[in-house]
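Trainee: the following comprises the amino acid sequence and a computationally predicted model.
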Amino acid sequence: MFGWTKIFTFVALAAVAAIVTGGAGATSTSTLAGGTGATSRSTLAPATVSHAATARKVSTAAVSKAASRPGTLLKTTNLSTRSRVVRYLRAIGLDPRGVTIQRGARNYAGPNCPGAGWSCTSTAHPVVQIAAAGGKNTFLCTTGRCAVVQATSATATSTSRSFTAATATNTAKCIKTTGLSQSCSIDQNSASANNEAIVYENAVKASGLTQTASATAQITQRATGSNTNKACVLQNINVEGSTAVDKKGVPVTVTLEAHQSISITQDSATGGNALASATSAGSCAGDRLMQIQTLTSKASGSGLITQNQNASSGGPNVLLDIKQNQSEGFLGVASGFNTAKFTQSNTLTAVASTPAGPVNQTQSSAVGGIQATVNQFSTSPSTIDALQDETQCEDALNPGPPLNCGTTADPPSYSLTQVQYGPVRKGGGPSTQGNNSGDVFNVVQNSTQNNDTGQNQTNDVQADCSTSGNCTVTQTTNVDGQTTTNVQSGQNVTTNITCTGTTCTKPSTIIPVVNGSFEADTFGYNGTLDLGGTNPLTGWTTLHNGTYPWGLPYPNYFTAGPTPYGNQWVIVGDYGNGGTWIEQTLNGLTPGHTYNLNFAAASELPNGGGQSLLGVSFPSGSNTPGQTIAAPLTQVNYWDTWASFSVSFTASNSSVTFRFTGLAASFGSDPGIDNVSVTG
């Protein structure tokens, strides 16, 4: 429910790649935004930035390969000759043809040379800037195709072959606010400086009936000392395809597609790793990475209207992969606090207004939706907090404002086909967290679907987590007003809600009951009396009278039993007169949620002598009325015939107490109890 492949995509219109590592005190300034106003200032060396309008200038495979081994490339880089520069550019996936090499104290590439004392060139071809120690590289790219390598030598000799780490924070920024295809890739490697990567991608289009949007962000950070890694990302796609066609009978077709992905790899020896959001000004914000997608279509016409939103089977539409201390040399040994908090949302809205139809609306696909994977390791405490939120709404209306997507099933009289797929996944592979008992892993997944027909709606909400601490998964689906909630917790959780229309299924949540099979205490051959008084009954509170409740093992003096649920059971009552009870309090329940109290009961008197009566009640935490259960008749021996029962109760508090009471029976018999559990 979260499983992954690292993604390096370079697409048309404003693709950006930046590879950054520590330098010896020189300053590099690069404008990576779609316009000239957003800048990235870094005390870095060497640094690589590429900005390509077409895939012809950047080899995706080569960049993927290079980005997977940035430390190796940076350690072996030698830019002392043109041939070595060409070799390096090819190694990182850049076309070296026409490369300009600048060597000096102050190097500038861009449209406005600062003036005397600067070595200046244009960005028409790839640029390699090598500044002396204490010097400065500046790169300002506003054209369609740009590429730069920035390096700072460790000494004043411009041909030096060695590079050293900076002591200030390494900061790389990628700010994208124009175009529907946006891609950023940042690689930072430092032994002493903190690494900070900031990615702000905001793709917004308010018109056009056929739109395809994509956004990718790839960040790799490596801190080999006590320095830290921080990745700040806000990735937003908001596309609207709305129209009003007045000409009679002219069909309307709207097709909106969006795919966005974020891949983050952070390795820190002892400093720790963290995530945050980003602002358009190029700063970090809050403590949650944000990945947001909104597609809206409001179409009106007099005839056929077709609206498709993320309907192609192109994989997840909102995709996230986070790896913290998973690389060789860090996994199993790294320390420092890891924090991975993020929010993913996907909102699809389709409204059609026509007097005659037909209307066809499709949202998402079986392989689309939201997906995330998170893997963490540290000997220090780590935190994962994942929120995935999906909303789908389809509505077909007769003409008349407003064009709002309603939640009431009110199909018009004309032909209407509505299809919704709602996968929300916590990855295609396991998500793991280790190796500290204080680790916290929380997953919240919400999915809401509404349409007019109540047909062709499917949903699969999946989550998994494996942790050294504790994981809690909370899943909620709301399909046409019908809500299903699933809560699971533990160290290893794999769970899901599957919906077809308003019918949703989920695995039973097992709520821990202490000593529900009554095997924790050893009962004597002749029986053990006064449980909860003279003798213990682990996990239970009792109303005892010196004899009752009492317990029996199998075999026993009375040839009673056996029980199919182990070797021991408990008897409540008082020689058929009733009165004694056992009870237990459950914690961590969800108020308003319905659970099932499951148990087995048997009658006392042999040879079918009469049914024993058992009272089931909830003294606190639930307003569910009590019930009387009649245990099955015996066959030959005492308590030799058992039946399973289930009583539903709704929690009004996070703690609920349930009680089993022996009730008076005309036959003078007491009920036996075994195999108690709670699910919900």
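Mentor: Arrived safely. Residues are numbered from 1 along each chain as shown.
Trainee: alpha carbons only for contacts and neighbour counts from here, please
Mentor: Will do.
Trainee: where in the stretch 351-500 of the chain is pLDDT low?
Mentor: Applying pLDDT under 70 to the stretch 351-500 of the chain flags the ranges 401, 428.
Trainee: could you do the chain as well?
Mentor: The model of the chain has pLDDT under 70 over residues 1-77, 92-94, 123, 131-170, 401, 428.
Trainee: mind checking the longest helix of it?
Mentor: helix 82-91 (DSSP state H).
Trainee: confirm for me that Gly241 is in contact with Ser297.
Mentor: Yes. With contact defined as Cα atoms under 8 Å, Gly241 reaches Ser297; the gap is 4.8 Å.
Trainee: between these two, who's got more neighbours?
Mentor: Between Gly241 and Ser297, Ser297 has the larger neighbour count (other Cα atoms under 10 Å), namely 27 against 23.
Trainee: that older thread, what touches both of Gly241 and Ser297?
Mentor: Applying Cα atoms under 8 Å, 6 or more residues apart in numbering, one finds that Gly241 and Ser297 are jointly contacted by Val254.
Trainee: which helices and strands does the longest helix of the chain pack with?
Mentor: helix 60-67 (3 or more Cα pairs under 8 Å, 6 or more residues apart in numbering; DSSP states H and E).
Trainee: okay, the nearest residue to Leu416 once chain neighbours are set aside and Gly454: tell me how far apart.
Mentor: Leaving aside its chain neighbours, Leu416 sits nearest to Val359 (5.0 Å; criterion: Cα to Cα, 6 or more residues apart in numbering). From Val359 over to Gly454 the distance is 15 Å, taken as Cα to Cα, to the nearest Å.
Trainee: compare the two (neighbour count), which wins?
Mentor: Val359 (25 against 20).
Trainee: so the more buried one bridges to which residues?
Mentor: When assigned by DSSP bridges, Val359 has beta-bridge partners Ile305, Leu416.
Trainee: that one contacts Val419, doesn't it?
Mentor: No. Checked against Cα under 8 Å, the pair Val359 and Val419 is beyond contact range at 11.3 Å.
Trainee: how many residues are close by Thr81?
Mentor: Neighbour count for Thr81, taken as other Cα under 10 Å: 11.
Trainee: picking that back up, quick one: the residue nearest to Leu416 from Ile305, how far?
Mentor: Distance from Val359 to Ile305, by Cα to Cα: 5 Å.
Trainee: from Trp540, how far off is the residue nearest to Leu537 when sequence neighbours are not counted?
Mentor: Computed as Cα to Cα, 6+ apart, the closest residue to Leu537 that is not its neighbour in sequence is Leu531, at 5.5 Å. Using Cα to Cα, Leu531 is found at 9 Å from Trp540.
Trainee: and these two? Which one has more around it.
Mentor: With other Cα under 10 Å as the criterion, Leu531 and Trp540 differ in neighbour count, and Leu531 comes out ahead with 27 against 19.
Trainee: and that one, what is it in contact with?
Mentor: Taking Cα under 8 Å, 6+ apart, we find Leu531 in contact with 537, 542, 544, 547-551.
Trainee: what do you get for Trp118?
Mentor: Listed by Cα under 8 Å, 6+ apart, the contact set of Trp118 reads 105-108.
Trainee: same question for Val443.
Mentor: Each residue near Val443 by Cα under 8 Å, 6+ apart is listed here: 385-387, 463, 471-474.
Trainee: just checking, next helix/strand downstream of the helix or strand hosting it?
Mentor: Assigned by DSSP states H and E, Val443 belongs to strand 440-450. Where DSSP H and E defines the elements, the next helix or strand beyond strand 440-450 is strand 457-479.
Trainee: and the direction of that following strand versus that of strand 440-450, what angle?
Mentor: Inter-element angle recorded for strand 457-479 and strand 440-450: 110 degrees (by axes from the mean of the first three to the mean of the last three Cα atoms, to 10 degrees).
Trainee: give me the sheet partners of strand 457-479 and which way each runs.
Mentor: For strand 457-479, the pairing partners within the sheet under DSSP bridges are strand 416-425 (parallel), strand 432-434 (parallel), strand 440-450 (parallel), strand 482-500 (antiparallel).
Trainee: could I get that strand in CSV with only the CA atoms?
Mentor: The C-alpha coordinates for strand 457-479 follow below in CSV (Å, rounded to 0.1, in the frame of the first residue of the first chain):
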residue,chain,number,x,y,z
GLN,A,457,-18.8,3.4,-7.8
THR,A,458,-15.8,1.4,-6.5
ASN,A,459,-13.3,2.2,-3.9
ASP,A,460,-10.3,0.5,-2.2
VAL,A,461,-8.7,2.2,0.7
GLN,A,462,-5.5,0.3,1.7
ALA,A,463,-2.9,0.9,4.4
ASP,A,464,0.0,-0.9,6.0
CYS,A,465,2.6,-0.2,8.6
SER,A,466,5.4,-2.0,10.4
THR,A,467,7.0,-0.2,13.3
SER,A,468,9.2,-0.7,16.4
GLY,A,469,6.7,1.6,18.3
ASN,A,470,3.0,1.8,17.6
CYS,A,471,1.0,2.4,14.4
THR,A,472,-2.6,3.5,14.2
VAL,A,473,-4.6,3.4,11.0
THR,A,474,-7.9,5.3,10.7
GLN,A,475,-9.9,4.8,7.5
THR,A,476,-13.2,6.4,6.6
THR,A,477,-15.3,6.1,3.4
ASN,A,478,-18.4,8.0,2.7
VAL,A,479,-20.3,6.7,-0.4
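Trainee: and the helices in the stretch 251-400 of the chain, which stretches?
Mentor: Here the stretch 251-400 of the chain has no helices by DSSP state H, counting those that start in this stretch.
Trainee: and the helix or strand containing Ser214, which strands flank it?
Mentor: Per DSSP H and E, Ser214 falls inside strand 210-223. Strand 210-223 has its sheet partners listed here by DSSP bridges as strand 181-190 (parallel), strand 252-268 (parallel).
Trainee: now that strand, how far from the chain's geometric center?
Mentor: 17 Å (Cα atoms, centre = their mean, to the nearest Å).
Trainee: now stretch 107-125
Mentor: 45 Å.
Trainee: could I have that stretch exported to CSV, CA atoms only?
Mentor: The C-alpha trace of stretch 107-125 is given here as CSV (Å, rounded to 0.1, in the frame of the first residue of the first chain):
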residue,chain,number,x,y,z
ASN,A,107,31.3,34.3,-12.9
TYR,A,108,27.9,35.3,-14.3
ALA,A,109,25.6,33.7,-16.9
GLY,A,110,22.4,35.4,-17.8
PRO,A,111,20.8,38.4,-19.5
ASN,A,112,22.3,41.2,-17.4
CYS,A,113,26.0,41.3,-16.7
PRO,A,114,26.7,42.9,-13.4
GLY,A,115,29.6,44.9,-14.9
ALA,A,116,33.3,45.3,-14.6
GLY,A,117,35.2,42.5,-12.8
TRP,A,118,32.7,39.8,-13.8
SER,A,119,33.2,37.0,-16.4
CYS,A,120,29.9,37.1,-18.2
THR,A,121,28.2,34.8,-20.8
SER,A,122,24.7,33.9,-22.0
THR,A,123,22.7,30.8,-21.1
ALA,A,124,22.1,29.8,-24.7
HIS,A,125,24.4,26.8,-24.2
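Trainee: need the strands paired with strand 457-479 in TSV (columns: distance to Trp581).
Mentor: TSV is the format used below for these (distance: least, Cα to Cα, whole Å):
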stretch	distance to Trp581
strand 416-425	45
strand 432-434	43
strand 440-450	38
strand 482-500	30
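Trainee: which among these is found nearest to Glu583?
Mentor: strand 482-500 (23.5 Å; Cα to Cα).
Trainee: can you pull the buried residues of that closest one?
Mentor: Within strand 482-500, the residues scored as buried using 16 or more other Cα atoms under 10 Å are 484-500.
Trainee: roughly how far is it from the heart of the chain?
Mentor: Its chain's average C-alpha position is 14 Å from that of strand 482-500, according to Cα atoms, centre = their mean.
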